[in-house]
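Novice: Sequence first, then the predicted structure, then my questions.
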Amino acid sequence: MVAAASAVVAVATVTGAISALDGGRDADAAKPAATGSPHPDRQTAAPRPSLTVTKSLSPSPTSPSRSSSPWLSRSAAASAPTQRSSTVSALLYRHPDSHVLDWVRAHPADPRTPVIASRIADRPAAVWLTDPSLSTIASRVRAVTSGAAAQDRVPVLVAYAIPDRDCGGASEGGAPDLDAYDRWIDAFAAGLGSGEVVVVLEPDSVAQAGCLSAGRRAARLASLARAGRVLKAADPKARVYYDAGHSGWHPAGEQAALLRQAGAASAASSDGIFSNVSNFRTTADEIAYDRRVLDALGGPASLGAVIDTSRNGNGAPADGAWCDPAGRRIGRAPTLSTGQARIDAYLWVKLPGESDGCKGAPGTFSPSYAYALASS
């Protein structure tokens with residue numbers, strides 16, 4: 001699969017998140033065969049169905065006033081000079097649980113711990129919600145959004161339960177059908193609350209829709225359009241972004257045509273697009289690509305884009321490798337102030353150090369991989 005390469009684990013099963021670490025040894029000892037992407041240009045791997053979270057190792061600083069936040073004023077951000085984001089935006093929420101935090105706490109004397117702790121574990125990352133169960137989704141979303149609201153911060157949630165997820169690939173799963181998915185989205189929306197939240201809506205769902213028949217593709221896109229409307233109606237402060245794949249996948253015009261069918265051009269359902277989720281394309285390439293998609297998409301001028309910069313510091317491998325490729329590094333720090341016109345945020349949607357399936361089972365934490373990403 002292309003975008004959702006971040007493997008995830010349910011909060012309910014977080015105690016088993018480091019089971020691949022044998023007595024504190026590196027997870028790299030267990031290397032299952034990688035599941036190849038059905039399309040070589042995708043270069044990504046797959047989350048397993050559940051929820052992943054990221055925690056701060058240190059007390060959060062006092063959050064700045066929302067009235068001066070560039071997140072609330074795209075025009076102000078667009079007029080700012082272009083800059084490299086080297087610090088974490090204080091507006092983003094850092095969830096108090098994750099695989100990496102489990103490892104850091106269990107290995108205080110490991111020589112890699114200071115680097116992993118300061119450069120990965122202490123940065124805000126997205127919370128993936130992938131379990132299609134209706135009974136728990138509202139409470140799981142609410143736990144994240146209420147925690148963020150208590151700190152006056154913005155959480156990033158990834159909704160990932162579309163039927164035929166990953167078209168039967170490494171991240172197969174999701175809701176049994178679109179009716180069940182619509183109900184899941186309703187429950188998801190019920191947990192949002194009334195504060196600011198970023199929703200990354202279904203990685204790969206649009207860019208990978210070509211695997212479906214014409215009828216099933218149209219039904220999926222209609223369901224995604226409904227999902228955006230439901231989420232924004234439930235919480236007017238929610239910002240919902242749709243799947244644009246990445247700059248090495250579909251041409252911008254082709255992707256925009258699908259996005260339009262999915263509701264991404266309507267202010268009632270969308271705040272724009274996301275790209276590079278779990279991928280390695282450079283930020284510069286994604287900025288240029290996202291602007292082309294937005295231009296082709298049409299819709300309100302307020303539509304913007306968010307880019308996953310978690311592992312793109314060295315760009316994509318020349319050989320097209322997608323599964324825990326060597327030589328990569330973390331990218332720009334998560335921020336809601338990019339200094340770039342129509343680029344709303346740089347986010348860490350994929351948590352660095354969580355395997356694509358080659359350094360360990362998909363979603364397990366590999367300290368050697370995390371260290372390599374953070375120290376290169």
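Specialist: Sure, I can see it.

Novice: looking at the chain, which helix or strand is least sure?
Specialist: When each helix and strand of the chain is scored by mean pLDDT, DSSP states H and E, helix 74-79 comes last, with a mean of 38.

Novice: Would you map the helices across the stretch 101-250 of the chain?
Specialist: 113-116, 137-150, 178-190, 214-234 (DSSP state H, counting those that start in this stretch).

Novice: To residue 106, which of the ones you listed lies closest?
Specialist: Residue 106 sits nearest to helix 113-116 of all the helices of the stretch 101-250 of the chain, at 9.6 Å, using C-beta to C-beta. For glycine as for every other residue, the C-beta is placed from the backbone atoms N, C-alpha and C.

Novice: which residues are contacting the closest one?
Specialist: Identification of contacts with helix 113-116 by C-beta atoms under 8 Å, 6 or more residues apart in numbering yields 100, 103, 104, 107, 353, 367, 370, 371, 374, 375.

Novice: Just the buried residues of that helix, please?
Specialist: 113, 115, 116 (16 or more other C-beta atoms under 10 Å).

Novice: is it fair to say residue 257 lies in a strand?
Specialist: No. Counting by DSSP: H, G, I helix; E, B strand; the rest coil, residue 257 is not part of a strand but helix.

Novice: Give me the distance between residue 323 and residue 172.
Specialist: 17 Å (C-beta to C-beta, to the nearest Å).

Novice: now swap in residue 281 and tell me
Specialist: 24 Å.

Novice: More neighbours: these two, which one.
Specialist: residue 281 (23 against 15; other C-beta atoms under 10 Å).

Novice: That one and residue 247 touch, don't they?
Specialist: Yes. Counting by C-beta atoms under 8 Å, residue 281 touches residue 247, with 5.0 Å between them.

Novice: circling back to that earlier point, mean pLDDT for the helices of the stretch 101-250 of the chain - can I get that in JSON lines?
Specialist: Output for the helices of the stretch 101-250 of the chain, formatted as JSON lines (pLDDT from 0 to 100):
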{"stretch": "helix 113-116", "mean pLDDT": "98"}
{"stretch": "helix 137-150", "mean pLDDT": "97"}
{"stretch": "helix 178-190", "mean pLDDT": "98"}
{"stretch": "helix 214-234", "mean pLDDT": "98"}
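
Novice: Could you export these as TSV, including distance to residue 344?
Specialist: Formatted as TSV, these follow (distance: least, C-beta to C-beta, whole Å):
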stretch	distance to residue 344
helix 113-116	28
helix 137-150	17
helix 178-190	21
helix 214-234	15
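
Novice: quick one: which of these is nearest residue 347?
Specialist: Across those, closest to residue 347 is helix 137-150 (C-beta to C-beta), at 14.1 Å.

Novice: just checking, what packs against that closest one?
Specialist: Contact here means 3 or more C-beta pairs under 8 Å, 6 or more residues apart in numbering; DSSP states H and E; on that basis helix 137-150 packs against strand 127-129, strand 156-159, helix 178-190.

Novice: buried sites along that helix?
Specialist: So helix 137-150, judged by 16+ other C-beta under 10 Å, has buried residues 137, 138, 140, 141, 142, 143, 144, 145, 147, 148, 149.

Novice: Serialize the buried residues of helix 113-116 to TSV and add fields for distance to residue 349.
Specialist: Output for the buried residues of helix 113-116, formatted as TSV (distance: C-beta to C-beta, whole Å):
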residue	distance to residue 349
113	24
115	21
116	19
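
Novice: which one of those residues sits closest to residue 259?
Specialist: residue 116 (36.2 Å).

Novice: can you pull out the strands in this protein?
Specialist: In the chain, the strands defined using DSSP state E lie at 51-52, 127-129, 156-159, 197-201, 238-243, 272-275, 304-308, 343-347.
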